[in-house]
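> I'll drop the sequence and a predicted model, then ask my questions.
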Amino acid sequence: MGTFRKKDLKTGLMVVLSALVYSFAIKGFVRAGELFPGGFSGISVLFTRSMSEFFSISIPFGLVYGLLNIGPTLLVYKVVGKRFAVFSVLHYVLVSVFTSVFPVIALTGDIFLISVFGGILGGLGVSLALNANASTGGTDFIAIYASSKARVPVWTYIMYANTLVLVLAGYLFGWEKALYSIIYQFCSTYVVSQRHMRFKLKTIHLVTAFPDEVTRSIYASTRHGITRIWGEGGYSHQEKCMLYTVVNAFEVDDVIEAAKSADPRVFISISGAERVIGNYYQKPLE
C-alpha cells in the first residue's frame, strides 16, 4: 500500500506540474497571440465563437469542452484503466481552474515567436502528463487509446485532425491566426512525439558468458521475452551467447542495470525498433 501511495503521489505531482506548464502555454501564448488551440479545446473555441458571431448565442467554453470529454473519458476509463482516467480528469480540471485564475501575459508581441515557443511549452506540458501515465484529456484520450491498440504512436495523425479544425477556423475567421496556429500545433506535436516514451521501442543485443544469470535478471526487471543466439568470439574464439530483446525506450536503463548486475563485463548494443509485430509484452496502463 505504501508503494502504491508513493506512486500516486508522484503521478499527482507530475499532473499538477503538467497542468501549470500547459496553462501557462495557453494564457501566455495561445490567448495572448489569439491563436486557436488544437484538439477538443480548438473545437470548443470554434463552436462557441461561431455560435456567438453567427447566431448571437453565448455558450460557455467549459460546458462545450466538458461535454466533448465525456465520451472519451468513459471509453478510457473502461478500456485503458481507471487510474489513468482519474488522473487525466484531474489534469483537465486543474487546467480549467488555472486558466481561469491566471491572467493573460503577453511575453512578446511577435506572433511567430508566440507560435513556436508556445507550441514547445504546450508540448512539454502534454508530455509531462503522458510520461506520468496520465493525459490532458480530449484528443489525448483518443491518441492513447489508438496507440495502445496499434502499438505505435499516432500523434502525427492527431496533428492532421487538428490541422483540419484550424483550416475550418481560418475559413470562418481569417487565415493569418489560423496558419500561425498550425505552426503552434506542429511544434507542440513534435515535442510530444519526441518526449513521450511509452510507444518508442528499442532493440537490445547483449553478448555475455553468463546467459542464464543475465536472462533471469532482465526478465525479473522488465518481463520481456529474450531470445538466445549462440556464437563464438571472433578474437577469443570462446563460446558466447547473444541475447536479443525489444523493450520500451523508458525501460532501457532498467535493462542495462539488470544485465550489468548479473555480468559486469556484458557487451550491450542498443538500436531503434520501428515497430513490433507478434507477441510483445506492453505494460498496461492502470
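That came through fine. Residues are numbered from 1 along each chain as shown.

> going forward, measure contacts and count neighbours with C-alpha atoms only.
Fine.

> for residue 231, list the residues it contacts.
239-242 (C-alpha atoms under 8 Å, 6 or more residues apart in numbering).

> between those residues, which is nearest residue 225?
The closest of those to residue 225 turns out to be residue 242 (C-alpha to C-alpha; 13.7 Å).

> that closest one belongs to a helix, doesn't it?
No. Membership of residue 242 in a helix is not supported by DSSP: H, G, I helix; E, B strand; the rest coil, which gives strand.

> sec struct for the nearest residue to it once chain neighbours are set aside, please.
Using C-alpha to C-alpha, 6 or more residues apart in numbering and skipping residues adjacent in sequence, the residue nearest residue 242 is residue 207, 4.4 Å away. State at residue 207, reduced to three classes by three-state DSSP: strand.

> how much space between residue 207 and residue 250?
For residue 207, the distance to residue 250 (C-alpha to C-alpha, to the nearest Å) stands at 21 Å.

> so which of those two has more stuff around it?
Using other C-alpha atoms under 10 Å as the criterion, residue 207 and residue 250 rank with residue 207 on top: 23 against 16.

> using the three-state scheme, assign residue 275.
Counting by three-state DSSP, the backbone at residue 275 sits in coil.

> hang on, isn't it packed against residue 203?
No. In this structure, residue 275 is not within contact of residue 203 by C-alpha atoms under 8 Å, at 10.1 Å.

> neighbour-wise, which of those two wins?
Between residue 275 and residue 203, residue 203 has the larger neighbour count (other C-alpha under 10 Å), namely 17 against 14.

> which residues of the stretch 151-286 of the chain score low on pLDDT?
For the stretch 151-286 of the chain, applying pLDDT under 70 flags the ranges 151-153, 283-286.

> dump stretch 233-252 to PDB, keeping only the CA atoms.
Included here for stretch 233-252 are C-alpha records, laid out as PDB according to Å, rounded to 0.1, in the frame of the first residue of the first chain:
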ATOM      1  CA  GLY A 233      34.000 -14.600 -30.200                       C
ATOM      2  CA  GLY A 234      35.900 -13.600 -33.400                       C
ATOM      3  CA  TYR A 235      39.100 -12.800 -31.400                       C
ATOM      4  CA  SER A 236      39.000 -15.000 -28.400                       C
ATOM      5  CA  HIS A 237      37.300 -18.000 -30.100                       C
ATOM      6  CA  GLN A 238      35.400 -18.500 -26.800                       C
ATOM      7  CA  GLU A 239      31.800 -19.600 -26.900                       C
ATOM      8  CA  LYS A 240      29.500 -16.600 -26.300                       C
ATOM      9  CA  CYS A 241      25.700 -16.100 -26.100                       C
ATOM     10  CA  MET A 242      23.900 -13.200 -27.700                       C
ATOM     11  CA  LEU A 243      20.700 -12.200 -26.100                       C
ATOM     12  CA  TYR A 244      18.100 -10.400 -28.100                       C
ATOM     13  CA  THR A 245      15.100  -8.500 -26.800                       C
ATOM     14  CA  VAL A 246      12.900  -5.500 -27.600                       C
ATOM     15  CA  VAL A 247      11.800  -3.100 -24.800                       C
ATOM     16  CA  ASN A 248      10.200   0.300 -24.400                       C
ATOM     17  CA  ALA A 249      12.600   3.300 -24.500                       C
ATOM     18  CA  PHE A 250      11.900   4.100 -20.900                       C
ATOM     19  CA  GLU A 251      12.900   0.600 -19.900                       C
ATOM     20  CA  VAL A 252      16.400   0.700 -21.500                       C
END
